[in-house]
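In: Sequence and computational prediction follow.
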Amino acid sequence: MEQFTQYFLHWNAGEAIFAIFCFFFLIQFFYYTIIYIRIGFTEKKDLPDILPPVSIIICARNESRFLRRFLPSILEQDYPDYEVIVVNDCSSDDTDMVLKKFSALYPHLKTTFLVEDEKFSHGKKMAMLVGIKAAKNEWLLHTDADCYADGPHWLQNMARNFDDKTQLVLGYGGYKERIGLVNKIIRFDTMFIGLQYLTFAKAGIPYMGVGRNLAYRKSLFFENKGFTGHMKLLSGDDDLFVNKVANANNTKVEFVIGSHTRSIPKSGFKEWYTQKQRHLTTSPHYKKIHKALIGLEPLSRVLFYLTFIVCLLMINYPDVLFIATGILFFIRLILFHIVIYLTAKKLNERKLFLYSQLFDIVIPFVYMGLMLNNKFTKKRRWNY
């Protein structure tokens, strides 16, 4: 033991920083080879002989323009028995008229509403609760008013996971492709988040889902008292509920092409940044183990890049540690590109692969800024 201690005491600065670099490499190696690589393995799932009836729930506040464009993709699913419930949440636009027109064309469309109360303000969770109570079926599938189904078999692909043991199904909700760097940042960030929660769930550690594409049993919702515990938070109708009730035995994932939804992304960086600030208000309420697991990867990624640069500056070529630094960096680079290629292919985001290396470096620093901003600024009331 004394010899071991003496060995470390005689390390020079270059050897010490190389050891730290190796430590962060091992953390990255773990995530990419044990967790993230699971995106490449899709289980073969056949349609059951009998597909259960499903209630699709959509909450809409002043979303008439999106309902006109996207609601038909939900109402025209190739599925034997389902209803679509749209909750008109205090809209002041012509949402009511749009829903009346669709109701005349689609008998399986049901609508309900909330009325503005000056003495009582509410967020999306109240509208969701109204929709869930109005649903007649056990299986609930959630999406948003500004989402459209990525094909007529979206519901079918999600529903093929509905068996006796399953209580939640996590799907992927991506964003529509547009021109510009901001759109690519938004879509890559969304794709990487999808990679994380889908592969963690496949590894038996489900920690979140997205309300743009999320299914669970009605009985599960009420048995676990729904949104109790975070009702006052504007966000969290999806991730905090999943974080509370999901486990390795009751959760499945679905990410084959045709099971996705697409949404309209924010058009500017400032709008997206503000949206991310609101979304990050829920993460402090995750279970401690989940916070540690999802926080460690981007932190280790930033420190991996930083210690790599320091190693190059402090270790002289052709020192063996200099060469070893390059080899480890190259291994992580290859693993990253393999995983991102598989992810982009599975989640139908192939065009993002070309920009992946840039965003891999940039986005963790954006998140650090978001978290610091949220921590040191006054709490604010977020919009719906």
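Out: Yes, it's here.

In: residues of stretch 176-190 that come out buried?
Out: Of the residues in stretch 176-190, 182, 183, 184, 185, 186, 187, 188, 189, 190 count as buried by neighbour count, 16 or more other C-beta atoms under 10 Å. For glycine as for every other residue, the C-beta is placed from the backbone atoms N, C-alpha and C.

In: taking the residues you listed one by one, which sit in helices?
Out: Judged by DSSP state H, the buried residues of stretch 176-190 include 182, 183, 184, 185, 186, 187, 188, 189, 190 as members of helices.

In: could you redo the buried residues of stretch 176-190 as JSON lines and give each row distance to residue 222 and pLDDT?
Out: Listed next are the buried residues of stretch 176-190 as JSON lines, based on distance: C-beta to C-beta, whole Å; pLDDT from 0 to 100:
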{"residue": "182", "distance to residue 222": "40", "pLDDT": "91"}
{"residue": "183", "distance to residue 222": "39", "pLDDT": "94"}
{"residue": "184", "distance to residue 222": "41", "pLDDT": "94"}
{"residue": "185", "distance to residue 222": "39", "pLDDT": "92"}
{"residue": "186", "distance to residue 222": "35", "pLDDT": "93"}
{"residue": "187", "distance to residue 222": "35", "pLDDT": "95"}
{"residue": "188", "distance to residue 222": "37", "pLDDT": "95"}
{"residue": "189", "distance to residue 222": "33", "pLDDT": "93"}
{"residue": "190", "distance to residue 222": "30", "pLDDT": "96"}
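
In: With distance to residue 343 as added columns, please give those residues in JSON lines.
Out: Listed next are the buried residues of stretch 176-190 as JSON lines, based on distance: C-beta to C-beta, whole Å:
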{"residue": "182", "distance to residue 343": "20"}
{"residue": "183", "distance to residue 343": "18"}
{"residue": "184", "distance to residue 343": "15"}
{"residue": "185", "distance to residue 343": "16"}
{"residue": "186", "distance to residue 343": "16"}
{"residue": "187", "distance to residue 343": "12"}
{"residue": "188", "distance to residue 343": "10"}
{"residue": "189", "distance to residue 343": "13"}
{"residue": "190", "distance to residue 343": "11"}
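
In: Which member of the residues you listed is positioned nearest residue 47?
Out: Proximity of the buried residues of stretch 176-190 to residue 47 (C-beta to C-beta) peaks at residue 190, which lies at 28.0 Å.

In: Enumerate every residue touching that closest one.
Out: By C-beta atoms under 8 Å, 6 or more residues apart in numbering, the contact list for residue 190 reads 173, 174, 175.

In: try 6 Å this time
Out: Residues counted as contacts of residue 190 (C-beta atoms under 6 Å, 6 or more residues apart in numbering) are 174, 175.

In: how far away is it from residue 155?
Out: Using C-beta to C-beta, to the nearest Å, residue 190 is found at 21 Å from residue 155.

In: Show me what counts as buried in stretch 19-36.
Out: Within stretch 19-36, the residues that count as buried by 16+ other C-beta under 10 Å are 21, 22, 24, 25, 27, 28, 29, 31, 32, 35, 36.

In: export those to CSV and tack on secondary structure, distance to residue 106 and pLDDT?
Out: Putting the buried residues of stretch 19-36 into CSV (DSSP: H, G, I helix; E, B strand; the rest coil; distance: C-beta to C-beta, whole Å; pLDDT from 0 to 100) gives the following:
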residue, secondary structure, distance to residue 106, pLDDT
21, helix, 59, 96
22, helix, 60, 96
24, helix, 54, 97
25, helix, 55, 98
27, helix, 51, 98
28, helix, 49, 98
29, helix, 51, 98
31, helix, 44, 98
32, helix, 45, 98
35, helix, 41, 97
36, helix, 40, 97
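
In: List just the nearest of the residues you listed to residue 105.
Out: Among the buried residues of stretch 19-36, residue 36 lies closest to residue 105 (C-beta to C-beta), at 43.6 Å.

In: Just read off the phi/psi values of the nearest residue to the closest one once chain neighbours are set aside.
Out: Leaving aside its sequence neighbours, residue 36 sits nearest to residue 339 (C-beta to C-beta, 6 or more residues apart in numbering; 4.7 Å). When read as degrees, to the nearest 10, the backbone of residue 339 gives phi -60, psi -40.
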